[in-house]
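Provided below are the primary sequence and the corresponding predicted coordinates.
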Amino acid sequence: MNVQVTHKKIIEEPHTLSEWTQVLCNKEMPIFSNTALNIHNVLSDDRKGAMELASVILQDPNLTVKLLKLSNSPYYNPSRLKMVTVSRAIIMIGSEVIRELTLACSFFESILSPINKQQANEEIAQAIHAAVHAKSIAIAAKDISPEEVFIATLLNHIGSISFWCFCGEQGEHIQALINNGCHREVAERQVLGFKLTDLAVSLSNVWKLGCLIEESIKPGVLSKNPRVGLVHLGYEITDALKEGTGSKKHEICVRKIEALTQQSKQVIIESLKANTDIASDIARQFGATDAAMLIQNHLNQASELEEPSLIIDKKELQLQISQEITSIISGQIDINLLLEMVLEGIHRGIGMDRTVFSLLVTDKQSLKEKLSFGWRKEIYEHKLIFNILERPPNLFSHALTGIQAFWAKPSVNAKLYSLRDINVIGENECFIMPILSNKVPIGLIYADRAITKQPLTDEDFSAFKYFSQQANIGLTMYRIQRS
């Protein structure tokens, strides 16, 4: 059988399990690799919390928008309480659920493209469909964390999905063998020298995806954990539905669900049908429109499955975040949440590339990052340090001498851009505002557009001043409340 190569191969494909793991982690999916590891580092450290988790998410604007879009969907937010900031979403939904959603959104952001092959879309469709079924059963069975079951099911075939999204000739050879009657795992071993379940284990270990995900992925291991059974049952259901509702596989699945949930057969069958519509909608939320069509098996509905615009009006977003900030200042103030929302208002509401809130260190000789969005760091834990002992004064020492916002321009304020500053932030127009406590500077907010090089405007500066001043007002109110 002739295998047709449908695209030009630029580099030779990896051959070993180790090579495939390295290529997927470092070349094909580096953003997901960084996000997964940063989230693991944040949530495994008891000293870190919502602020650090929000910071990880807000590094990627597309991820942020998709996460908020999904967080506001009926599936995750049945109360329909609108969430416009990541900080609010973490409070309303919980950090563990946001972790799961972030991993899912980041994963699909890394793999989806207009040229995904049929087999890749089949794998994606099955994963989403199985995950919705598994979560539904987990809820009915009163599982302690249905969201964890959802993400473990969604990423259970992470090796297959990742491979089929980025493979070339090797994938075509495997598909040709399968079409000629070869068993899938035999075909994988023959072409690759390993099974795609082995690749899933390897990727899960590198990305530190978590206990249930890793336990569910392990091939050939009969786990005593009933939650692992929920993950595998999700895939059994998708396979059974392909054979039809009258098939033996379908009947076996229904009986298993009956035993787990004590639901009637009729309720289970209706739930399985409803889950198909839910899975299709979730696929669209992730941007997997081809997978959504495969789940519904209505290819003629392509026009209805277009991804809606993710563009948000900045004025509207500024107003929404401003209202969130006002509600915080009006009550018992959570100072960390307030500062998060102020920074998110500046970063997303105004549309800045890099934003940072820095605090004076004890010796008053420098400022150290407390929270930042958009900075491209090799290591997430690395903190920005701004020196303020420059002679003559530099950008940051100059900003701290006043109480007003400062719009720095290299063409006008060249003397303030010290060599040390340029090495840290570059030589860009920027907004800086001192943050005061009892009229004494304790830190500052800095924002620029050093990546996109878009010009700053008077309107941007006015919005920056407004949000920064909200931080000062909030700190004053916070000090009064604690006195």
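All right, it came through fine. Numbering: from 1, shown residues only.

Contacts only, for the spatially most central residue of the chain.
Centrality entry for the chain: nearest residue to the mean C-alpha point is residue 102, 3.0 Å, by Cα atoms, centre = their mean. Residues near residue 102 by Cβ atoms under 8 Å, 6 or more residues apart in numbering: 35, 39, 56-57, 63, 67. All C-beta atoms are positioned from the backbone trio N, CA, C, and that covers glycine.

any chance of those residues in TSV, plus secondary structure?
Listed next are the contacts of residue 102 as TSV, based on DSSP: H, G, I helix; E, B strand; the rest coil:
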residue	secondary structure
35	helix
39	helix
56	helix
57	helix
63	helix
67	helix
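
which one of those sits closest to residue 443?
Set against residue 443, the nearest of the contacts of residue 102 by Cβ to Cβ is residue 56 (21.3 Å).

pretty sure the closest one is touching residue 38, no?
Yes - applying Cβ atoms under 8 Å as the test, residue 56 and residue 38 come out as touching, 4.6 Å apart.

Compare these two and say which one has the larger neighbour count.
Neighbour count, other Cβ atoms under 10 Å: between residue 56 and residue 38, residue 56 has more, with 25 against 21.

how much space between that one and residue 40?
10 Å (Cβ to Cβ, to the nearest Å).

How about residue 325?
Following Cβ to Cβ, the distance that separates residue 325 from residue 40 is 30 Å.

okay, those two: which has more neighbours?
Counted by other Cβ under 10 Å, residue 325 and residue 40 do not tie: residue 325 has more neighbours, with 23 against 16.

Residues contacting the helix or strand containing the more buried one, please?
Using DSSP states H and E, residue 325 falls within helix 314-329. Residues outside helix 314-329 that contact it (Cβ under 8 Å, 6+ apart): 82, 84-85, 88, 334, 337-338, 341-342, 344-345, 348-351, 463, 466-467, 470, 473-474, 477.

which element is the residue nearest to residue 205 when sequence neighbours are not counted on?
Leaving out its chain neighbours, the residue that sits closest to residue 205 by Cβ to Cβ, 6 or more residues apart in numbering is residue 214, at 7.1 Å. Element membership for residue 214, per DSSP H and E: helix 211-217.

Show me what that helix packs onto, helices and strands only.
helix 146-154, helix 196-207, helix 226-243 (3 or more Cβ pairs under 8 Å, 6 or more residues apart in numbering; DSSP states H and E).

Which elements pack onto the first one?
Under the contact definition 3+ Cβ pairs under 8 Å, 6+ apart, helix 146-154 sits against helix 95-111, helix 118-140, helix 211-217, helix 226-243.

ditto for the second one
Under the contact definition 3+ Cβ pairs under 8 Å, 6+ apart, helix 196-207 sits against helix 17-23, helix 30-43, helix 158-166, helix 211-217.

Just the buried residues from the contacts of helix 314-329, in PyMOL please.
To isolate the buried members of those in PyMOL, using 16 or more other Cβ atoms under 10 Å:
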select buried, resi 84+85+88+334+337+338+341+342+344+345+348+349+350+351+463+466+467+470+474+477
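
so of the contacts of helix 314-329, which ones are in strands?
The strands in this structure, assigned by DSSP state E, contain none of the contacts of helix 314-329.

So the nearest residue in space to residue 401 that is not next to it in sequence versus residue 181, what's the distance?
Once flanking residues are discounted, residue 401 sits nearest to residue 393: 7.5 Å by Cβ to Cβ, 6+ apart. Residue 393 is 77 Å from residue 181, where distance means Cβ to Cβ.

For the two, indicate the residue with more neighbours.
Remark: of residue 393 and residue 181, residue 393 carries more neighbours, 16 against 7, as counted by other Cβ under 10 Å.
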